[in-house]
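**Student:** what would the 3D arrangement of this be:
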Amino acid sequence: MGGDMGYVVKAREELPLLDLFPMATHEEREIAAEGEGVGAIVPSESPATMATPAHTDRMKTVLVDKARLCCSLCSDALNRPIYQCTVGHLVCCRCRFKCKGDGCRTCAVRGVASPYTICSGLGYFLGGFQVPCPNHEYGCETYSPYYEAADHAAACAHAPCRCAEQGCGFAAPPPALLAHLAAAHSWPTHEVPGYGKPLALRIPAAAAHHRLLTVTAEDDDAALALSPGTRARGVFVLSVRPRGAGCAVSVSCVRASAEAGPQYSCNLWARGPAPPGGVEPRLGMETDVGSCAAPGGAGVEEGLWLHVGPKTMHGDGSCREMQLIVLIDKL
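**Tutor:** Next up is the predicted model:
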């Protein structure tokens, strides 16, 4: 909910800044609430994200002003336990324990003393609100508690990635983008035997280009598939770019949720021709795999690339090629 709520934040700009203090622990919340004599606390842990809401025959779609579901101070989504002053201003548990004293900060600005109390009934009521994933049009059928919708969207496997070819506006989840790049733009595609298993490649070193790598998940990862009855497929891009007399080779993961952090590691080796009576030259690197929402060499820009020099290449002139070994594994 955080990305499309600018109007909520603007509506609260006249409020003074909070007096910030260290965050209270869950145990401190319980002790504080018991001291207010309000009985049992509704747990702050949220229900698990579900593919489809339970009892769909009892569900009803309604339109709600999102400002009514937000904290009156920080404007973030209200999460349980929820606190309410006697006038009716609602605050999240974070803001409740960041403020000095027990009084409502909004009321204090107007010269009114209004203490906060925990509102268990409202927490139970709002806890039942489920919202669809914003990537519904791309195939995600997940419903999340409204206060977790932004977290789910940030990590959603269905989030669309963009085609990197100039003038092409195609966008889709990684598996669909893979098919588009292979069919519409003739990107070469290679199937990796599996996570933790090496793939040997012989590729030209004459010009910049990209190759798609796919890894099919094992049976225990079937839940990560984009549709029932299918296995999840990791989509990666191997990018080759000229660097002086050699080439820069990088591997990146095609996914839109890069802010979730790296999820894979990569071992990349280059094998050169052995001189007569000599040893075959090898060089390699091991690194986390960066993510890119538009395939095309994000790893090169971040410096995560392997430099393959002329002595590690096979052939001469425009016929030069590299012998690479790629191993992708989960972190």
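**Student:** give me every residue that touches residue 187.
**Tutor:** 181, 210, 211, 212 (C-beta atoms under 8 Å, 6 or more residues apart in numbering). C-beta coordinates here come from the backbone N, C-alpha and C atoms, glycine included.
**Student:** which ones among those map onto strands?
**Tutor:** Among the contacts of residue 187, the subset assigned to strands under DSSP state E consists of 210, 211, 212.
**Student:** whichever of these end up buried, select them in ChimeraX.
**Tutor:** Command for ChimeraX, covering only those of the ones in strands among the contacts of residue 187 found buried under the criterion 16 or more other C-beta atoms under 10 Å:
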select :210,211,212
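**Student:** ok, back up a step: may I see the contacts of residue 187 organised as a markdown table, with distance to residue 152 added?
**Tutor:** Shown next, in a markdown table, are the contacts of residue 187 (distance: C-beta to C-beta, whole Å):
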| residue | distance to residue 152 |
| --- | --- |
| 181 | 27 |
| 210 | 30 |
| 211 | 32 |
| 212 | 27 |
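**Student:** tell me the two of those that are most distant?
**Tutor:** Farthest-apart pair in these is 181 and 211; separation 10.1 Å (C-beta to C-beta).
**Student:** and which of the ones in strands among the contacts of residue 187 is nearest to residue 91?
**Tutor:** residue 212 (48.8 Å).
**Student:** mind pulling up the pLDDT for that closest one?
**Tutor:** pLDDT, residue 212: 92.
**Student:** and if you look at residue 107?
**Tutor:** 84.
**Student:** and if you look at the one 3 residues further on?
**Tutor:** Residue 110 carries a pLDDT value of 80.
**Student:** state the distance from it to residue 78.
**Tutor:** The gap separating residue 110 from residue 78 is 22 Å, by C-beta to C-beta, to the nearest Å.
**Student:** so between those two, which is more surrounded?
**Tutor:** residue 78 (25 against 9; other C-beta atoms under 10 Å).
**Student:** my guess is that one contacts residue 93. True?
**Tutor:** No - using C-beta atoms under 8 Å, residue 78 makes no contact with residue 93, being 9.1 Å away.
**Student:** common neighbours of these two, please.
**Tutor:** What both residue 78 and residue 93 touch, as defined by C-beta under 8 Å, 6+ apart, is an empty set.
**Student:** all helices of the stretch 51-200 of the chain, in order?
**Tutor:** Using DSSP state H, counting those that start in this stretch, the helices of the stretch 51-200 of the chain run over 93-98, 105-109, 120-126, 149-155, 174-184.
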